[in-house]
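got a predicted structure plus its sequence, pasted below:
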Amino acid sequence: MDLMTKGRVKRSDELLVVAGGRAERDLFQRLGFEQVTITNLDSVEASGHLAPYQWAHEDAQNLSYSEKSFPWVVVVDGLHHCTSPHRALTEMYRVCSVGVIAIEARDSLLMRLAIRLGFSSSYELEAVQAQGGLSGGLENGPIPNHIYRWTEREFQKTIRSCDPTGKHDFNFFYGLNLPYETADLRGWTLRKLLLKPAEQVLRVFTWLLPKQRNSIAMIATRPDCSHPWIGAARTN
């Protein structure tokens with residue numbers, strides 16, 4: 001919403017969503033976007049279920065679109081389902097003309113503590129369980145994927161590596177998601193009871209230290225101009 005307020009992203013912009021589905025359709029409908037193409041490996045997420053938007057069968061790590069085909073390319077909790085999350089991110093960047101937006105899990109000390117205490121996990125069992133053990137895991141298959149969690153620096157290094165031509169503009173926003181759904185799927189009755197009082201403490205703690213939140217929106221836009229040494233190298 002901050003990007004929309006500043007006019008960086010317009011509702012009339014054509015968006016490409018990778019590893020998406022009905023949740024992304026609902027999100028962009030609420031935000032009022034007009035032109036959205038949602039892609040996934042899952043044939044269940046067909047065009048009839050994602051109207052009014054278009055649907056296409058695409059592998060996020062090997063998109064069929066040409067360079068700079070869409071102003072913005074977006075992913076919401078989809079990179080960690082890929083064999084190579086970094087490959088998927090660089091493919092997103094390749095087909096964008098303005099920038100990429102990736103909303104993923106964030107790696108932090110608090111998140112590592114939550115895993116150690118059993119309030120979160122390193123593998124996404126619940127996504128596969130919700131699909132009857134048939135899909136929802138690695139490459140949308142039946143094997144639960146490792147939950148790849150990002151940091152700001154890692155995102156920046158990946159983008160700069162695939163496009164070293166100029167200075168990118170990076171923005172980061174943080175969110176806190178409590179694992180109530182995970183607790184239900186795994187039958188964590190006692191842990192779910194503990195989550196409610198812990199939520200208030202966590203919200204205060206992560207308000208003071210926002211980078212300890214477990215969700216991060218990572219935005220990168222293409223450089224406005226090339227590094228000065230690139231032009232000098234071409235003339236020499």
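Sure thing, it's come through.

centre of the chain to the longest strand belonging to the chain, how far?
For the chain, the strand with the greatest residue count under DSSP state E is strand 96-105. Chain-centre distance of strand 96-105: 7 Å, with C-alpha atoms, centre = their mean, to the nearest Å.

give me the below-cutoff pLDDT ranges for the chain.
1-7, 43-48, 179-195, 231-236 (pLDDT under 70).

and the strands in it?
14-18, 35-40, 54-57, 70-76, 96-105, 169-175, 215-221.

partners of the longest one in the sheet?
What that stands for is strand 96-105. strand 70-76 (parallel), strand 215-221 (antiparallel) (DSSP bridges).

could you do the shortest one as well?
Looking at strand 54-57 with DSSP bridges, its partner strands are strand 35-40 (parallel).

for the strand it pairs with, the distance to its chain's centre please.
14 Å.

contacts for that strand, please.
If you take C-beta atoms under 8 Å, 6 or more residues apart in numbering as the criterion, strand 35-40 is touched by 12-21, 24-25, 28, 45, 50, 53-58, 60, 63, 70, 140. For the C-beta atoms, the positions are set from N, CA and C on the backbone; glycine is no exception.

with adjacent residues omitted, what lies nearest to A130?
G136 (6.2 Å; C-beta to C-beta, 6 or more residues apart in numbering).

residues contacting that neighbour?
124, 127-128, 130.

for it, phi and psi?
phi 90, psi 0 (degrees, to the nearest 10).

and the gap between it and V128?
Going from G136 to V128 by C-beta to C-beta, to the nearest Å gives 5 Å.

list the residues that contact both of these two?
Going by C-beta under 8 Å, 6+ apart, no residue sits against G136 while also sitting against V128.

that older thread, out of the contacts of G136, who's nearest F172?
E124 (22.9 Å; C-beta to C-beta).

any idea how far L89 is from that closest one?
E124 is 18 Å from L89, by C-beta to C-beta.

looking at those two, which one has more neighbours?
L89 (28 against 21; other C-beta atoms under 10 Å).

now do the contacts for the spatially closest residue to that one that is not a sequence neighbour.
With sequence-adjacent residues excluded and distances taken as C-beta to C-beta, 6+ apart, L89 is closest to T158, at 5.6 Å. Each residue near T158 by C-beta under 8 Å, 6+ apart is listed here: 86, 89-90.

tell me the one among those nearest to G32.
L89 (26.4 Å).
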